[in-house]
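S.K.: Sequence first, predicted coordinates after that:
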Amino acid sequence: MMIKSDRRVLIVLLCIIVAALAVIYFTDGRQGGKPEEQATIPDSIRKSTKKPKKGYTYYQGEPPKPELFPFDPNTADSTQLLRLGLQPWQVRNIYKYRAAGGVYHQPRDFAKLYGLTLKQYRQLEPYIRISEEYMPADRYFSKNEVVEKRRDTLKYPVKLQPGECILLNSADTSQLRRVPGIGSYFARKIVDYRERLGGYCRVQQLMEIDDFPESAIAYFTLPDNVSLRKLNLNRLTLNELKRHPYINYYQARAIVDYRRLHGRLESLRQLSLSRDFPPEAIERLEPYVEY
């Protein structure tokens, strides 16, 4: 049997142990761990445990800038679509649309993509290339018919047959190209020279155009009474006179000097004493002047 004194000693020891445990527990709780343990925690980890402030965003870098390059929305892969600036969920919608049998027949069909803004579409539209493989068959044949028609009537007009003629002073460039040997270049040259002259008074004047094909002369004609735009030699200035193909600078100066010294002109023959007006120059200019 344990005597009373032994029990007292045992109780005292238990109390001391309990008191020591209590001191250790409360002391550790206040300090929050040993100092050396706190020092081993990196600052980055400690800071990361803090709650983010209101409005804080974890990604602060700028998104990648879209690249613009030609693409076919029917065949472009995800990498190309993302490079164009589309969002991943938009790329998924394109894949789902194509998987369900959807086809982009024309560029404006791509504008139906969900979430695509008008600004984005205007940026992408010049780079959309729809392959002919995805064009509706009826549109393909109708397009070819239009191209063939234009080819026949514009690029390759039906040429005149021998004996047929067109009016030189009223024909436009499309009519002029019907003349054998006359293409777009000479058609424009004929119209430009006609405008500078004020109209053709002889078909042979076409030969004054550099390298003009002489064989084409037979397909032009002029009416008996040719209407020409004429120059008033008593009113026009030197600069206005020398714009005509048949009047150079020295001839224009001779006309102005004659008016200043002798008064009004009544005929080109009055200029025949000037070395700048030989008989052939007067004869060539006569139909285009008035007084």
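M.R.: Noted; the coordinates are in hand. Numbers count the residues shown, from 1 in each chain.
S.K.: Now do the SS call for Phe212.
M.R.: coil (DSSP: H, G, I helix; E, B strand; the rest coil).
S.K.: List the contacts of Lys189.
M.R.: For Lys189, the contacting residues are Ile209, Phe212, by CB atoms under 8 Å, 6 or more residues apart in numbering. Any C-beta I mention is one placed from the backbone N, CA and C, and that applies to glycine too.
S.K.: now with 7 Å?
M.R.: Contacts here follow CB atoms under 7 Å, 6 or more residues apart in numbering; on that basis Lys189 touches Ile209.
S.K.: What does Leu231 show for phi and psi?
M.R.: Phi and psi for Leu231, reported as degrees, to the nearest 10, are phi -100, psi 130.
S.K.: Look up how far Ile24 lies from it.
M.R.: Using CB to CB, to the nearest Å, Leu231 is found at 123 Å from Ile24.
S.K.: Those two: who's more crowded?
M.R.: Between Leu231 and Ile24, counted using other CB atoms under 10 Å, the more crowded position is Leu231 (21 against 10).
S.K.: what about the more buried one, distance to Tyr291?
M.R.: Taken as CB to CB, the span from Leu231 to Tyr291 is 10 Å.
S.K.: pull the longest helix from the chain.
M.R.: helix 4-31 (DSSP state H).
S.K.: per-residue confidence at the spatially most central residue of the chain?
M.R.: Among the residues of the chain, the one closest to the centroid is Pro126, at 7.7 Å (CA atoms, centre = their mean). In this model, Pro126 is scored at 86, pLDDT.
S.K.: a helix runs through it, doesn't it?
M.R.: Yes. Under three-state DSSP, Pro126 sits within a helix.
S.K.: Relative to Leu271, how far out is it?
M.R.: 61 Å.
S.K.: Kindly report the same for Arg229.
M.R.: Relative to Leu271, and taking CB to CB, Arg229 is found at 21 Å.
S.K.: Neighbour count for the two, which is higher?
M.R.: Ranked by neighbour count (other CB under 10 Å), Arg229 and Leu271 place Leu271 first, with 18 against 11.
S.K.: Which positions in stretch 114-129 come out as buried?
M.R.: When neighbours are counted by 16 or more other CB atoms under 10 Å, the buried residues of stretch 114-129 are found to be Leu116, Gln120, Tyr121, Leu124, Ile128.
S.K.: so which of the residues you listed comes closest to Gly198?
M.R.: Ile128 (50.5 Å; CB to CB).
S.K.: Would you check that that closest one makes contact with Pro107?
M.R.: Yes. Using CB atoms under 7 Å, Ile128 is in contact with Pro107, at 4.1 Å.
S.K.: coming back round to it: got JSON lines for the buried residues of stretch 114-129, with distance to Leu13 too?
M.R.: As requested, those are exported to JSON lines (distance: CB to CB, whole Å):
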{"residue": "Leu116", "distance to Leu13": "83"}
{"residue": "Gln120", "distance to Leu13": "83"}
{"residue": "Tyr121", "distance to Leu13": "87"}
{"residue": "Leu124", "distance to Leu13": "87"}
{"residue": "Ile128", "distance to Leu13": "91"}
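S.K.: Among the residues you listed, find me the one that's closest to Thr79.
M.R.: Using CB to CB, those come closest to Thr79 at Leu124, 16.1 Å.
S.K.: That closest one: what's it in contact with?
M.R.: Residues counted as contacts of Leu124 (CB under 7 Å, 6+ apart) are Leu84.
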